[in-house]
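Student: this one's structure only:
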């Protein structure tokens, strides 16, 4: 039995989110939320929200207990890129790529024994 939560169009580059996601992948939900609480940087905030949302989905929709849940998979994918232009010398322009991310978390119940 597993439950999932998805958050899309986060305005943080996937590379920065993946650094934090690697810290909690495969851990228990309560342990992962404790780790994310003390990780510096803004990437930990949306990750903590989506992990707690997946845990809440498991409790409410699948009647699973929160203490036995672990993060089965945590995916950080690229979202659409918003392009902005910045003027440079001699009439040129540089492209600024504002990257977005999609986060998918699947939590499952740990098997006893």
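Tutor: Yep, it's here. These numbers were taken from a predicted model, which means no experiment stands behind them. Residues are numbered from 1 along each chain as shown.

Student: So residue 5, which state does it fall into?
Tutor: strand (DSSP: H, G, I helix; E, B strand; the rest coil).

Student: okay but it is in contact with residue 54, surely?
Tutor: Yes: counting by CB atoms under 8 Å, residue 54 is a contact partner of residue 5 at 3.7 Å. The way it works is simple: take the backbone N, C-alpha and C, and place the C-beta from them, glycine included.

Student: which residues does the nearest residue to residue 88 once chain neighbours are set aside contact?
Tutor: Distance criterion CB to CB, 6 or more residues apart in numbering; nearest residue to residue 88, sequence neighbours excluded, is residue 94 at 5.3 Å. Taking CB atoms under 8 Å, 6 or more residues apart in numbering, we find residue 94 in contact with 85-86, 88.

Student: circling back to that earlier point, higher neighbour count, residue 5 and residue 54?
Tutor: residue 54 (27 against 19; other CB atoms under 10 Å).

Student: Checking my notes, that one in a strand, right?
Tutor: No: assigned with three-state DSSP, residue 54 falls outside any strand and is helix.

Student: Before I go, just wanted to say thanks for your time.
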